[in-house]
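J.: Okay, here's the prediction I keep looking at, along with the sequence it came from:
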Amino acid sequence: SIVFVMGWMTYQMKSIFLATFAMSQIVLSIPVSIVVYRNIFQVAYFSFLHILVIFLVLGIGADDVFVFFDGWRQAADDPKIRTLARSGRGETEVLQARMEIAYAHTMTAVFNTSFTTIVAFLATAISPNMPIASFGILASTAILMNFILVITLIPSVLMTYTVYIEKGGWCCGCFCPKKGAEFSQTQGTSDDEKAPKDLLEAGDPKSTHTLETSSTPPSEQ
């Protein structure tokens, strides 16, 4: 299951680097949840049923990562980000604004899915059957730990990937994008090259006159 989910994340995100750190975050939530389960909740019972928590966290954790990754990718097309890029702002400011937008859009979705699942498994804690009750406690704890790790580690991984690997052109295995592939969606070509086209699309008559004048051959001028 771990190998399949790892391969699917690599295919979807087109990066072994992102898939590796995403899988590491998902797997890390399991031992952390066991520590909380035994030392904080003081539940020592553990049976074969509790092993199913691994498959549960794999599914929910991968889904949370995909939501955050899609939010980060869609934030590049946000009008605010394109305006910042065309205004000549620095790369750091543009990426920071992009992360704020992605975080705001995905935080609610990830929280709602995690919270409702946690409550559903906590409901089994009232069961008189010890395996069922303890399984619900461990499962809800694992989902909570996964949620905390997703909203803290994944943004750092995405920012590191964008700045040092994707824009820097480092190849991290198969599905490695071209140098500056995704960041070009935010800043693209230089502002001098993009400005006339953007102004034309906005219907600016001054830009139309400037573009037509610049495209007229010297002999006709």
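T.: That came through, no problem.
J.: what residues are up against Ser140?
T.: 117-119, 121-122, 125 (CB atoms under 8 Å, 6 or more residues apart in numbering). (C-beta placed from N, C-alpha, C; glycine too.)
J.: at 7 Å instead, please
T.: When contacts are counted by CB atoms under 7 Å, 6 or more residues apart in numbering, Ser140 is found next to 118, 121-122.
J.: Surely Arg98 touches Gln74?
T.: No - if you go by CB atoms under 7 Å, Arg98 and Gln74 don't touch, sitting 9.9 Å apart.
J.: Who has more neighbours out of these two?
T.: A side-by-side neighbour count of Arg98 and Gln74, using other CB atoms under 10 Å, places Arg98 first with 25 against 14.
J.: what helix or strand does the more buried one sit in?
T.: helix 91-122 (DSSP states H and E).
J.: Low-confidence stretches in the protein?
T.: Under the criterion pLDDT under 70, the flagged ranges of the chain are 168-221.
J.: If we use 80, what do you get?
T.: Across the chain, the ranges flagged by pLDDT under 80 are 88-89, 166-221.
J.: which residues in it form helices?
T.: 2-13, 16-35, 53-75, 79-86, 91-122, 130-160, 183-186, 191-202, 205-215 (DSSP state H).
J.: mind putting those helices in CSV, distance to Val43 included?
T.: Shown next, in CSV, are the helices of the chain (distance: least, CB to CB, whole Å):
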stretch, distance to Val43
helix 2-13, 25
helix 16-35, 10
helix 53-75, 13
helix 79-86, 46
helix 91-122, 13
helix 130-160, 6
helix 183-186, 47
helix 191-202, 59
helix 205-215, 68
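J.: looking at the ones you listed, which is closest to Lys167?
T.: In terms of CB to CB, the element of the helices of the chain nearest to Lys167 is helix 183-186, at 4.6 Å.
J.: May I see the contacts of Ser140 arranged in a markdown table, with neighbour count and distance to Arg89 as well?
T.: Formatted as a markdown table, the contacts of Ser140 follow (neighbours: other CB atoms under 10 Å; distance: CB to CB, whole Å):
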| residue | neighbour count | distance to Arg89 |
| --- | --- | --- |
| Ile118 | 19 | 39 |
| Phe121 | 20 | 45 |
| Leu122 | 16 | 45 |
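J.: Which one of those is nearest to Ile2?
T.: Phe121 (21.3 Å).
J.: Leaving aside the residues adjacent along the chain, what's closest to Ala44?
T.: Spatial nearest neighbour of Ala44, excluding adjacent residues (CB to CB, 6 or more residues apart in numbering): Arg38 at 6.3 Å.
J.: coming back round to it: considering the contacts of Ser140, which is situated nearest to Ala22?
T.: Nearest member of these to Ala22, counting by CB to CB, is Ile118, at 20.5 Å.
J.: So the closest one sits against Leu144, correct?
T.: Yes - with contact defined as CB under 7 Å, Ile118 and Leu144 form a contacting pair (5.8 Å).
J.: picking up where we left off before, any chance of the contacts of Ser140 in a markdown table, plus distance to Ile60?
T.: Below are the contacts of Ser140 laid out as a markdown table (distance: CB to CB, whole Å):
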| residue | distance to Ile60 |
| --- | --- |
| Ile118 | 10 |
| Phe121 | 11 |
| Leu122 | 15 |
